[in-house]
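# Build me a structure from this.
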Amino acid sequence: MPKEFSRSRRVGHLLQQEIAAILPEVRDVRAGQGILPTISGVDLSPDMKSARIFFSVMTGPEHAEDVRQALQNASGYIRHQLGRRLDLRRIPNLVFAYDTSFDEGAHMSRLLHDARRMSDQDEVDE
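Got it, this is the predicted structure:
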């Protein structure tokens, strides 16, 4: 039975906190659009050699690819800063991915709102 809070999960949570703290220092991430992403999750591989870092942006998916590219370009700097801040033997390779769960949640919420409004309108018409 796996531990409730495995080492990879604890390290992933620590990476999330530290990357979020490092991002305001990275000028390339905010260049252009001035968008500062939010780190929403970290998926660490079982061997802890690579980590998929999920991010979201307040402006929606329109600028996600630009932000992802900026984050990926800054991954070397972020790894270097993580190495200075964390007491880990190896800092995993970082791969950034846009977290679509917020957009999907908003889409589902709109669909439910529209369905509820249509249902209310049908009751009024009857």
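# contacts and neighbour counts: CA atoms only from here.
Will do.
# what's next to the strand or helix carrying R9, contact-wise?
Applying DSSP states H and E as the criterion places R9 in helix 7-22. Residues from elsewhere that reach helix 7-22 (Cα atoms under 8 Å, 6 or more residues apart in numbering): 38-46, 48, 51, 53, 78, 81-82, 85.
# Please identify which helix or strand holds G41.
strand 38-44.
# And for P46?
P46 belongs to no helix or strand, assigned by DSSP H and E.
# For it, which non-adjacent residue is spatially closest?
Computed as Cα to Cα, 6 or more residues apart in numbering, the closest residue to P46 that is not its neighbour in sequence is S8, at 6.7 Å.
# What mean pLDDT does the helix holding R9 get?
What helix 7-22 shows for mean pLDDT is 93.
# Only alpha carbons, please: show it as CSV.
Provided in CSV are the C-alpha atoms of helix 7-22 (Å, rounded to 0.1, in the frame of the first residue of the first chain):
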residue,chain,number,x,y,z
ARG,A,7,8.1,11.4,-1.6
SER,A,8,7.3,12.3,-5.2
ARG,A,9,4.1,14.0,-4.1
ARG,A,10,5.9,16.0,-1.4
VAL,A,11,8.7,17.0,-3.8
GLY,A,12,6.1,18.0,-6.4
HIS,A,13,4.4,20.2,-3.9
LEU,A,14,7.7,21.8,-2.9
LEU,A,15,8.6,22.4,-6.6
GLN,A,16,5.2,24.0,-7.1
GLN,A,17,5.8,26.4,-4.3
GLU,A,18,9.3,27.3,-5.2
ILE,A,19,8.6,27.8,-8.9
ALA,A,20,5.7,30.1,-8.0
ALA,A,21,8.1,32.1,-5.9
ILE,A,22,10.8,32.2,-8.6
